[in-house]
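J.: could you work out the structure for the sequence below:
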Amino acid sequence: FRDGLNVHLRPNPIGVLAADIVPDDFEARFSAIKRHYLYRITNTRANLALDIGRVWRVPRALDADAMHKAAQRLL
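T.: Okay, the predicted model is just below:
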């Protein structure tokens, strides 16, 4: 099943690592064991070439201390 899904997903930058049979009452939003998110910001004035569409480009200076302080609220 996993390999079949990956064949259909192939042109997209996504892949299925594992698939399991779940109970009928499984609800993806509420029954998931964990989730993983990755947000990428590049702090450059130059336009993106290889990462276009995958990275948020911020051309002006970032306040890393303020960003860190705000991120602590998410933890």
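J.: centre of the chain to stretch 65-73, how far?
T.: Mean-position distance between stretch 65-73 and its chain equals 19 Å (Cα atoms, centre = their mean, to the nearest Å).
J.: and what of stretch 6-22?
T.: 15 Å.
J.: now do stretch 22-33
T.: Distance, centroid of stretch 22-33 to centroid of chain: 20 Å (Cα atoms, centre = their mean).
J.: endpoint to endpoint, that stretch covers what distance?
T.: 12 Å (Cα to Cα, to the nearest Å).
J.: and it, what's its mean pLDDT?
T.: Taken as a whole, stretch 22-33 has a mean pLDDT of 88.
J.: how would you label residue 34: helix, strand or coil?
T.: Here residue 34 is recorded as coil under DSSP: H, G, I helix; E, B strand; the rest coil.
J.: neighbours around it, how many?
T.: Residue 34 has 4 neighbouring residues, counting by other Cβ atoms under 10 Å. In short, each C-beta sits where N, CA and C put it, glycine included.
J.: now residue 48
T.: With other Cβ under 10 Å as criterion, residue 48 counts 13.
J.: please apply the same query to residue 44.
T.: Residues near residue 44, counting by other Cβ under 10 Å, number 11.
J.: ok, it touching residue 62?
T.: No: between residue 44 and residue 62 no contact is recorded; they are 10.8 Å apart, counting by Cβ atoms under 8 Å.
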